[in-house]
Each structure stands twice: as structure tokens, then as C-alpha cells.
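> structure for this input, please:
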Amino acid sequence: MKNTRKEIQTAGLLFALFQIVHFNYLQLGEEIRAIHFALGILAGLAFSALLIGLLSDSVYQRLKNFKKRIHPFLERVL
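Predicted coordinates for the structure are as follows:
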């Protein structure tokens, strides 16, 4: 697990959280739109983090450099 990228680990964590919330939602048995919305956000974040983590090294570095040039605020926050 030490050699995997941070994005892949984040995707796994988000997907596990998605599964836990989804399981508990199914046990609840009620239709709540806010939970559907939250599950969609979690699934989308997990999928996008997984895609970023699986990029080749050259594309991954270009994406990281682009982020550093365009959004220096994000580097301070993250």
C-alpha cells in the first residue's frame, strides 16, 4: 500500500464510505432524496479520484503541474 498513489487510497476510502452509507440507507427503507444526492457525490468523487490515480506517470505529472500553476491556493490547503 506504500507505493500506491494518494488518489487511489482516497478513492478506496470514498467507495467504502459509499458502501456503508448505501447499506444503511437500504436498511432504513425510506426514500430520501438527500441521501441519493450524497451517494451520487460520493460515487463521483471516488470515480474521479480513481481515474486520476490510475493515470500514467507523465500525464499524472502534467496534471499536477497544471494544478500548481493554475490553483496555488489549493496547494496551500491540500
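
> for the helix or strand where residue 36 lies, which helices and strands make contact with it?
Taking DSSP states H and E as the definition, one finds residue 36 inside helix 33-53. In this structure, helix 33-53 packs against helix 6-28, with contacts taken as 3 or more CB pairs under 8 Å, 6 or more residues apart in numbering; DSSP states H and E. Using the backbone N, CA and C atoms, a C-beta is placed for each residue, glycine as well.

> the helix it packs on: which residues count as buried?
Residues of helix 6-28 classed as buried: 7, 10-12, 14-15, 18, 25 (neighbour count, 16 or more other CB atoms under 10 Å).

> which of those sits closest to residue 40?
residue 18 (9.6 Å; CB to CB).

> re the thing from before, what comes into contact with the helix holding residue 36?
If you take CB atoms under 8 Å, 6 or more residues apart in numbering as the criterion, helix 33-53 is touched by 4-12, 14-15, 17-18, 21-22, 25, 60, 63.

> and it, what's its mean pLDDT?
Here helix 33-53 scores 91 as its mean pLDDT.

> kindly calculate the angle that it makes with helix 6-28.
160 degrees (axes from the mean of the first three to the mean of the last three CA atoms, to 10 degrees).

> and whichever helix or strand comes after helix 33-53, average pLDDT?
As assigned by DSSP H and E, the chain's next helix or strand after helix 33-53 is helix 57-70. The pLDDT scores in helix 57-70 average 87.

> so what does helix 57-70 touch, helix or strand wise?
Applying 3+ CB pairs under 8 Å, 6+ apart, we find helix 57-70 packed against helix 72-77.

> apply 6 Å and report the result again.
The contact analysis (3 or more CB pairs under 6 Å, 6 or more residues apart in numbering; DSSP states H and E) places helix 57-70 against no helix or strand.

> tell me the angle of it relative to helix 33-53?
Using the same axes, to 10 degrees: helix 57-70 against helix 33-53 is 120 degrees.

> for the remainder of this discussion, apply numbering that starts at 24.
With 24 as the first residue, the last one maps to helix 80-93.
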